[in-house]
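# Pasting the sequence and the predicted coordinates here, then a few questions.
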Amino acid sequence: MSAGPIAELFERTRAQDRAALVGYLPAGFPDVETSKAAIAALVEGGVDLVEVGLPYSDPVMDGPVIQAAAEQALAAGFRVRDVFDVVRATAATGAPTVVMTYWNPVERYGVERFAADLAAAGGAGMITPDLIPDEGAEWDAASREQGLDRVYLVSPSSADARLAMTAEQASGFIYATAVMGVTGQRDQSSSHAEPLVSRLRQVTDKPVGVGIGVSNAEQAREVAQFADAVIVGSAIVRTLLEAPSPAEGVDAVRELARELRAGVERS
């Protein structure tokens, strides 16, 4: 089987001696069409891989900024099937596209059906923050059937055996959460991130992305020194959330992406 789009991306960024920039925005925020335009602007600004969030009414690890965005999307009438429309538009930009979602909406939609529809829309995989590999047999089978990557999360509290098992089951990349807690911008990068990545390096050569708390070019540059990918979510969402108008928000997220991309260039 040929390498998927995520594997190809990391081959390219490693050859360029830089970290990949991963950007997150919820589908349907503030509405479906604006979310498509904002994601396209992220890619124009330099985001290498896009996480399309699936808005959910009962988030576990989302901080107040992403919760507010999800609430706007849901209030505007977002439905699970809309995520595939956004994925299709995002994948058309050429950026590898993954859905980040809690497990309940996938289970309710139908695991095999979700995997098939995600693949048909051009999606490359899925990040499942509340699904651990030892409880993910159904998703493992469905994703492998459709050629989708499985991105699992690890945290600073994960035991070495858990890191090894998660790394073995993951594909695409491993999502290392830099802090214990919910998503959100922070004044400085977590001191836990680099030791966590170092521990992962002992058990896997798969790419590692670091997220939660990265919000500016300086922090992106710090994380890019030791991680394969720098993941930015809340800072992008806040930029769109606080913009005076949707059009100005689209322009603002493009500019933020440019600043973050300059940070991950490691120069």
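That came through fine. Numbering: from 1, shown residues only.
# ok, for Pro5, nearest residue in space, not its chain neighbours?
For Pro5, ignoring the flanking residues on the chain, the nearest one in space by CB to CB, 6 or more residues apart in numbering is Pro96 at 4.0 Å. For glycine as for every other residue, the C-beta is placed from the backbone atoms N, C-alpha and C.
# Please enumerate residues in contact with the longest helix along the chain?
Longest helix in the chain by number of residues (criterion: DSSP state H): helix 246-264. Counting contacts by CB atoms under 8 Å, 6 or more residues apart in numbering, the residues outside helix 246-264 that touch it are 18-21, 23, 25, 30-31, 34, 37-38, 41-47, 216-221, 224, 230, 232, 235-236, 239-241, 243.
# change it to 7 Å
18-19, 21, 23, 30, 34, 37-38, 41-42, 44-47, 217-218, 220-221, 224, 230, 232, 235-236, 239-240, 243 (CB atoms under 7 Å, 6 or more residues apart in numbering).
# Would you mind listing the buried residues in the helix or strand of the chain with the lowest mean pLDDT?
The least trusted helix or strand in the chain, going by mean pLDDT, DSSP states H and E, turns out to be helix 64-75, with a mean of 88. Burial within helix 64-75, assessed by neighbour count using 16 or more other CB atoms under 10 Å, is assigned to Val65, Ile66, Gln67, Ala69, Ala70, Gln72, Ala73, Leu74.
# about what we covered before: surely the residue nearest to Pro5 and Phe10 touch.
No - checked against CB atoms under 7 Å, the pair Pro96 and Phe10 is beyond contact range at 9.6 Å.
# how near is Ala176 to Thr97?
Taken as CB to CB, to the nearest Å, the spacing of Ala176 relative to Thr97 amounts to 20 Å.
# Check Thr90 too.
For Thr90, the distance to Thr97 equals 4 Å [CB to CB].
# One more: Val210?
The value you get for Val210 to Thr97, if CB to CB is used, is 20 Å.
# who has more neighbours, those two?
Val210 (30 against 27; other CB atoms under 10 Å).
# Now do the buried residues in the strand or helix carrying the more buried one.
If you go by DSSP states H and E, Val210 is part of strand 208-211. For strand 208-211, burial by neighbour count (16+ other CB under 10 Å) applies to Val208, Gly209, Val210, Gly211.
# Save those residues as JSON lines, and put in distance to Leu163 and pLDDT too.
As requested, the buried residues of strand 208-211 are exported to JSON lines (distance: CB to CB, whole Å; pLDDT from 0 to 100):
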{"residue": "Val208", "distance to Leu163": "10", "pLDDT": "98"}
{"residue": "Gly209", "distance to Leu163": "15", "pLDDT": "97"}
{"residue": "Val210", "distance to Leu163": "14", "pLDDT": "96"}
{"residue": "Gly211", "distance to Leu163": "16", "pLDDT": "90"}
